[in-house]
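In: Mind looking at a prediction? Sequence and model below.
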Amino acid sequence: QVQLVESGGGSVQAGGSLRLSCAASGYTYDRNCVGWFRQAPGKEREGVARIERDGTTTYADSAKGRFTISLDNSKNTLYLRMNSLKPEDTAMYYCAARFFYCPTATRGYWGQGTQVTVSS
């Protein structure tokens, strides 16, 4: 059974930083494509960043230059480092995993989410 548990969210001021973590059980990150998504109130879930089996990383335009996705395979944990946070980054953040394919907004295994709130 795949279980993903996010942590690290919180409330910060604009310009601040946070590091989100996602620990997995029943799933091995380094053999799959995994990613981070977010969903703000009243908006659809959107992809933020992903890392593929070969290590290729992809970011949403809104995250480029500010967010960094990474893996610690020894801990089987996925991270999202977020710098220069903006109020528009406020959302529930989810890690997502899937077998054989990259997760999408509607397909994959999901954690319970961790709230990020950025105040101006």
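Out: Great, that's in hand. Here the structure is a predicted model, which means the values were calculated and not measured.

In: Show me what the residue positioned nearest the centre of the chain bridges to in the sheet.
Out: When Cα atoms, centre = their mean is applied to the chain, the residue found nearest the centroid is Trp36 (2.4 Å). Taking DSSP bridges as the rule, Trp36 bridges to Ala49, Cys95.

In: Return the distance of it relative to Gln13.
Out: Relative to Gln13, Trp36 is positioned 21 Å away (Cβ to Cβ, to the nearest Å). Yep, even glycine has a C-beta here, placed from its N, CA and C like the rest.

In: show me what contacts the residue nearest to the centre of the chain?
Out: Contact partners of Trp36, counting by Cβ atoms under 8 Å, 6 or more residues apart in numbering, are 20, 22, 47-50, 69, 78, 80, 93-96.

In: Please apply the same query to Gln13.
Out: Applying Cβ under 8 Å, 6+ apart, the residues near Gln13 are Val118, Ser119, Ser120.

In: So in terms of bridging, what pairs with it?
Out: Counting by DSSP bridges, the residues bridging with Gln13 are Ser119.

In: Please tell me how far it sits from Arg53.
Out: In terms of Cβ to Cβ, Gln13 sits 37 Å off from Arg53.

In: same deal with Gln39?
Out: The separation that Gln39 has from Arg53, given Cβ to Cβ, amounts to 25 Å.

In: and if you look at Arg38?
Out: For Arg38, the distance to Arg53 - Cβ to Cβ - is 23 Å.

In: Neighbour count for these two, which is higher?
Out: More neighbours surround Arg38 than the other of Arg38 and Arg53, with 24 against 13 (other Cβ atoms under 10 Å).

In: Quick check: closest non-adjacent residue to the more buried one.
Out: Nearest non-adjacent residue to Arg38, counting by Cβ to Cβ, 6 or more residues apart in numbering: Ala91, 3.8 Å away.
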